[in-house]
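*Asks:* Quick check, what structure comes out for this input:
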Amino acid sequence: MKNLIVIASIVSVALISSCSQKQDTKTTSQTAEAVTIQPQVEPDTLKGSLKARASNNVNGVNVTISYHSPAVRGRIVWGGLVPYEKVWVGGAHMATSLDIDQSIRYDGKEIPAGKYALFTIPGKETWTVIINKNWQQHLTDEYDEKDDLIRLQVVPENIETNQERLMYQVDQTGEGKFSLIFSWEKIKIKIPFELN
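*Replies:* Numbers count the residues shown, from 1 in each chain. Purely as a prediction, here's the structure:
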């Protein structure tokens, strides 16, 4: 009888310890501030959109993109989940933000140092990329065209492998030059900038 009580006690302690470790892991993953999204190798089964960040220092200029990264999860993205010809947040939840600590240029147009919302209007042939002065917005609820600092046109590229989770990158492309790169599903867009 004593042996059964001892065995039952050991099993109870092991179960409590196992549950406690699982709870600790869950808490840690939920409180992570931001992650850098990497190209998917394994299937992504996480439901929900990760809070993520992409950043780089380009010749002394800090460039940071903060966003929420949804996954495809078998859904029709372009023309389905994300409608064509409508302003889109470029991620999920809050507006995607672009933060620069020095001014930059696109096609000769200056973008002063500051924090901005980054929206897109996806199209079948071309996309409009919008840099908007109101960076702190939920989705496009408060979007107002009058706050647009700049609108630019880009042609999307098709990519062969599926990018399961939406991803931004800040890639230096030369001396005083960089591109913001957006990839999701089988679409990629590149936005080239120059430093002032």
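*Asks:* can we go C-alpha only for contacts and neighbour counts from here?
*Replies:* Will do.
*Asks:* quick one: low-confidence parts of this protein?
*Replies:* Scanning the chain for pLDDT under 70 picks out 1-46.
*Asks:* let's go with 50 and repeat that
*Replies:* 2-33, 39-42 (pLDDT under 50).
*Asks:* ranges for the strands of it?
*Replies:* Ranges of strands in the chain, per DSSP state E, are 50-58, 61-69, 96-100, 104-106, 109-111, 114-121, 127-132, 148-154, 157-174, 177-195.
*Asks:* Quick one: distance of the third one to the chain centre.
*Replies:* Relative to the centre of its chain, strand 96-100 is centred 11 Å away, using CA atoms, centre = their mean, to the nearest Å.
*Asks:* who does it touch, helix- and strand-wise?
*Replies:* Packing partners of strand 96-100 (3 or more CA pairs under 8 Å, 6 or more residues apart in numbering; DSSP states H and E): strand 61-69, strand 114-121.
*Asks:* List of residues touching it?
*Replies:* The contact list for strand 96-100 (CA atoms under 8 Å, 6 or more residues apart in numbering) reads 61-68, 89-90, 113-119, 135-136.
*Asks:* Within the sheet, what are the partner strands of that strand, with directions?
*Replies:* Here strand 96-100 is paired, per DSSP bridges, with strand 61-69 (antiparallel), strand 114-121 (antiparallel).
*Asks:* circling back: would you mind giving the helices and strands packed on strand 96-100 as a markdown table with distance to Phe178 added?
*Replies:* Formatted as a markdown table, the helices and strands packed on strand 96-100 follow (distance: least, CA to CA, whole Å):
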| stretch | distance to Phe178 |
| --- | --- |
| strand 61-69 | 10 |
| strand 114-121 | 16 |
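*Asks:* Kindly reformat those strands as JSON lines containing mean neighbour count.
*Replies:* Supplementary listing: the helices and strands packed on strand 96-100 in JSON lines, determined by neighbours: other CA atoms under 10 Å:
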{"stretch": "strand 61-69", "mean neighbour count": "22"}
{"stretch": "strand 114-121", "mean neighbour count": "22"}
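*Asks:* With respect to Glu175, which of the ones you listed lies nearest?
*Replies:* strand 61-69 (11.9 Å; CA to CA).
*Asks:* contacts for the closest one?
*Replies:* Contacts of strand 61-69 (CA under 8 Å, 6+ apart): 37, 49-57, 90-102, 165-168, 170, 195.
*Asks:* what angle separates it from strand 157-174?
*Replies:* Taking axes from the mean of the first three to the mean of the last three CA atoms, to 10 degrees, one finds strand 61-69 and strand 157-174 inclined to each other by 160 degrees.
*Asks:* send the alpha carbons of stretch 162-173 over as CSV?
*Replies:* Output of stretch 162-173 as CSV, limited to C-alpha atoms (Å, rounded to 0.1, in the frame of the first residue of the first chain):
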residue,chain,number,x,y,z
ASN,A,162,5.4,30.1,-51.4
GLN,A,163,6.3,32.7,-48.7
GLU,A,164,3.9,31.4,-46.0
ARG,A,165,4.3,34.2,-43.6
LEU,A,166,4.3,37.9,-44.7
MET,A,167,7.8,39.3,-44.4
TYR,A,168,9.5,42.7,-44.8
GLN,A,169,13.3,43.2,-45.3
VAL,A,170,15.5,46.3,-45.4
ASP,A,171,18.4,45.5,-47.8
GLN,A,172,21.3,47.8,-48.6
THR,A,173,21.7,47.8,-52.4
